[in-house]
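Trainee: Sequence first, then the predicted structure:
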Amino acid sequence: QKEVEQDPGPLSVPEGAIVSLNCTYSNSAFQYFMWYRQYSRKGPELLMYTYSSGNKEDGRFTAQVDKSSKYISLFIRDSQPSDSATYLCAMSETGGFKTIFGAGTRLFVKA
Amino acid sequence: EAGVTQFPSHSVIEKGQTVTLRCDPISGHDNLYWYRRVMGKEIKFLLHFVKESKQDESGMPNNRFLAERTGGTYSTLKVQPAELEDSGVYFCASQFGGNTIYFGEGSWLTVV
């Protein structure tokens, strides 16, 4: 069993839709939860960072962590074609060191 | 400010040859990481330097891989001899303290 499970998609939505991306994990020692965005042929770029459980909002993006269910989510409101990318969930026990990545979900936002 | 720079961006080598990938982290970043993504798999941790010291190399797949960070600045990752399964994209990332980790654009390696 993988430590982090993420549906690779692809996920295709119309512009303006609310996008929901999620990951499940098995390691209860994970304390730090990240979402990265990766455009084609580029490196991952940190989008959201959450410590332990709870919600965090940044503009159109909201990250949720439910440690009791070992489930994390990323919501994108009013999605734009420029949001089309691969979204990677990532987790670590120790604040970024040895980060474990999900497979990434490919998102397409159609104009 | 320059980001994390990796060289070469693309490399095609024959099985059995040697390849050396280079990473220049963001200036002043003491933490440097190597990750790789092979076809169809997740991005996997390879190792972590703090300055010139290897903090964690538990992700290095075997002794054909050698990473160095002399002087605590740039880092190299050598694969010798390269095998077909080493094909993929190798990412370097750097970090100052416990702050945001910045990734480079990756070095795409194809072993034929």
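Mentor: Right, received. Where do you want to start?

Trainee: Show me what A:Gln38 is bridged to.
Mentor: A:Thr86 (DSSP bridges).

Trainee: Just confirm it contacts A:Ser84, I think it does.
Mentor: No. Assessed by Cβ atoms under 8 Å, A:Gln38 is found out of contact with A:Ser84, at 11.2 Å. (Glycine included, C-beta is placed from N, CA and C.)

Trainee: where does the chain have low pLDDT?
Mentor: The chain I'm using is chain A. For chain A, the stretches with pLDDT under 70 are A:95-96.

Trainee: Correction: the question concerned chain B.
Mentor: Low-confidence segments of chain B, defined by pLDDT under 70: B:1.

Trainee: Would you state the strands of it in chain order?
Mentor: B:5-7, B:10-13, B:19-24, B:31-38, B:44-50, B:53-56, B:65-68, B:75-79, B:88-95, B:101-103, B:107-111 (DSSP state E).

Trainee: Ok, which of the ones you listed comes nearest A:Tyr32?
Mentor: A:Tyr32 sits nearest to strand B:101-103 of all the strands of chain B, at 10.8 Å, using Cβ to Cβ.

Trainee: Okay, now the sheet partners of that closest one, with direction.
Mentor: Going by DSSP bridges, the partners of strand B:101-103 are strand B:88-95 (antiparallel).

Trainee: Direction-wise, compare the strand it pairs with with strand B:75-79 and give the angle.
Mentor: 160 degrees (axes from the mean of the first three to the mean of the last three Cα atoms, to 10 degrees).

Trainee: A:Glu3 and A:Thr99 touch, don't they?
Mentor: No. Using Cβ under 8 Å, A:Glu3 is not in contact with A:Thr99; the gap is 11.0 Å.
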